[in-house]
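Colleague: Pasting a predicted model and its sequence here:
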Amino acid sequence: MSAEHNSAVGEHGVSKRAKAANRKPAGAVKSAEPMKPTKPTKPAKPVKPESRLAMVRRARRINRELAEVFPYAHPELDFRNPFELLVATVLSAQTTDLRVNQTTPALFAKYPTPEDLAAAVPEEVEELIRPTGFFRAKTKSIMGLATALRDDFGGEVPGRLADLVKLPGVGRKTAFVVLGNAFGVPGITVDTHFMRLVRRWRWTDSDDPVKIEAEVATIFPKSEWTMLSHRVIFHGRRICHARKPACGACPITHLCPSYGEGETDPEKAKKLLKYEMGGFPGQRLDPPPGYPGRPAPPLGASDG
């Protein structure tokens, strides 16, 4: 055997060249070892649903805290008597209270009583209430209810739910606005703001106004119903908006299970606040004493 052959053979007769050929280059990654079986992890503990009692306590606390935020909450329609409130509430469908308040002074100046409105020329009424939208249908409703008041109730607005809902254009929401604010009879006003907020707060998951009214009525004592409605609606109009709630400027975030649906940055949220909360005029031309905001401007005037 040649010396060259001997020098190429290492210990145990293995060729050095063969070893070199099988050697992995420096820095080569070792092949992954088979993964050892791991113990199965325990599933995350499900969040415990809120009990009925806890929800009721949270709801009542929201009401108490809103009472501190909006001690001046009130009906945002201008009115001087039950008839004016009834007509204004019917006109408020599909428009803002501000637009109604800007429209009704001329209407009530011309037709101050049910008898006057019942005897009006429909086209003249339509022209007066045109700014509120759907003016033909609304003219039919308010003239119809004026006629019913004249013929069936001696020209007076009745103070009973059963009588009010028989009037043209008057449903439970309108009836409770009138009962609560003109007669002092407690009622829950389920408008779009109220529906939105009580669902966000998980007081109910219903989208039916009558069911919502019934469910919320079981949470609060009857004596709170009217003011609860005002506070919730105030909060919905000023802070907890439909499209972009001002979560970062909301005083009850610690009680709200829907926190984060809107803008959470405090500075950005502050810019979303409306009416007196944002430093702007309110909805009433003639706000009640104690209202901290500016009166709304008459129709056609600048809001300054």
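Modeller: In hand now; what should we look at?
Colleague: Can you name the next helix or strand after the one helix or strand Lys173 maps to?
Modeller: Assigned by DSSP states H and E, Lys173 belongs to helix 172-182. Per DSSP H and E, the first helix or strand lying C-terminal to helix 172-182 is helix 192-200.
Colleague: picking that back up, export the helix holding Lys173 as CSV, just CAs?
Modeller: This file holds the C-alpha atoms of helix 172-182, laid out as CSV (Å, rounded to 0.1, in the frame of the first residue of the first chain):
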residue,chain,number,x,y,z
ARG,A,172,-97.1,55.6,22.8
LYS,A,173,-93.9,57.6,22.5
THR,A,174,-95.8,60.8,21.8
ALA,A,175,-98.4,60.0,24.4
PHE,A,176,-95.7,59.5,27.1
VAL,A,177,-94.0,62.8,26.2
VAL,A,178,-97.3,64.6,26.7
LEU,A,179,-98.3,62.7,29.9
GLY,A,180,-94.9,63.0,31.5
ASN,A,181,-94.2,66.7,30.7
ALA,A,182,-97.7,68.3,30.6
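Colleague: who's in contact with that helix?
Modeller: Residues from elsewhere that reach helix 172-182 (CB atoms under 8 Å, 6 or more residues apart in numbering): 75, 77, 79, 81-82, 85-86, 89-90, 157, 159, 161, 164-165, 185-191, 209-210, 213, 225-226, 229. The way it works is simple: take the backbone N, C-alpha and C, and place the C-beta from them, glycine included.
Colleague: Same question for stretch 133-147.
Modeller: 86-87, 90-91, 93-95, 111, 114-118, 120, 122, 125-127, 129, 132, 167-170.
Colleague: how does it look with 7 Å?
Modeller: Residues outside stretch 133-147 that contact it (CB atoms under 7 Å, 6 or more residues apart in numbering) are 86-87, 90-91, 94-95, 114, 117-118, 120, 122, 125-126, 129, 132, 167-170.
Colleague: what separates it from the chain centre, distance-wise?
Modeller: With CA atoms, centre = their mean, to the nearest Å as the basis, stretch 133-147 stands 28 Å off its chain's centre.
Colleague: Just give the number of residues close to the closest residue in space to Gly293 that isn't next to it in sequence.
Modeller: Beyond its immediate neighbours in the sequence, the residue positioned closest to Gly293 (CB to CB, 6 or more residues apart in numbering) is Glu276, lying 2.8 Å away. When neighbours are defined as other CB atoms under 10 Å, Glu276 has 19 of them.
Colleague: and if you look at the one 3 residues further on?
Modeller: Here the number of neighbours of Gly279 (other CB under 10 Å) works out to 10.
Colleague: in stretch 190-210, what counts as buried?
Modeller: Residues 190-191, 193-198, 200-201, 203-204, 206, 209 are the ones in stretch 190-210 that count as buried (16 or more other CB atoms under 10 Å).
Colleague: As JSON lines, the residues you listed with distance to Gly282 and pLDDT would be great.
Modeller: Formatted as JSON lines, the buried residues of stretch 190-210 follow (distance: CB to CB, whole Å; pLDDT from 0 to 100):
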{"residue": "Val190", "distance to Gly282": "23", "pLDDT": "97"}
{"residue": "Asp191", "distance to Gly282": "17", "pLDDT": "96"}
{"residue": "His193", "distance to Gly282": "15", "pLDDT": "97"}
{"residue": "Phe194", "distance to Gly282": "19", "pLDDT": "98"}
{"residue": "Met195", "distance to Gly282": "22", "pLDDT": "98"}
{"residue": "Arg196", "distance to Gly282": "21", "pLDDT": "98"}
{"residue": "Leu197", "distance to Gly282": "19", "pLDDT": "98"}
{"residue": "Val198", "distance to Gly282": "24", "pLDDT": "98"}
{"residue": "Arg200", "distance to Gly282": "24", "pLDDT": "98"}
{"residue": "Trp201", "distance to Gly282": "25", "pLDDT": "98"}
{"residue": "Trp203", "distance to Gly282": "27", "pLDDT": "98"}
{"residue": "Thr204", "distance to Gly282": "29", "pLDDT": "97"}
{"residue": "Ser206", "distance to Gly282": "31", "pLDDT": "97"}
{"residue": "Pro209", "distance to Gly282": "26", "pLDDT": "96"}
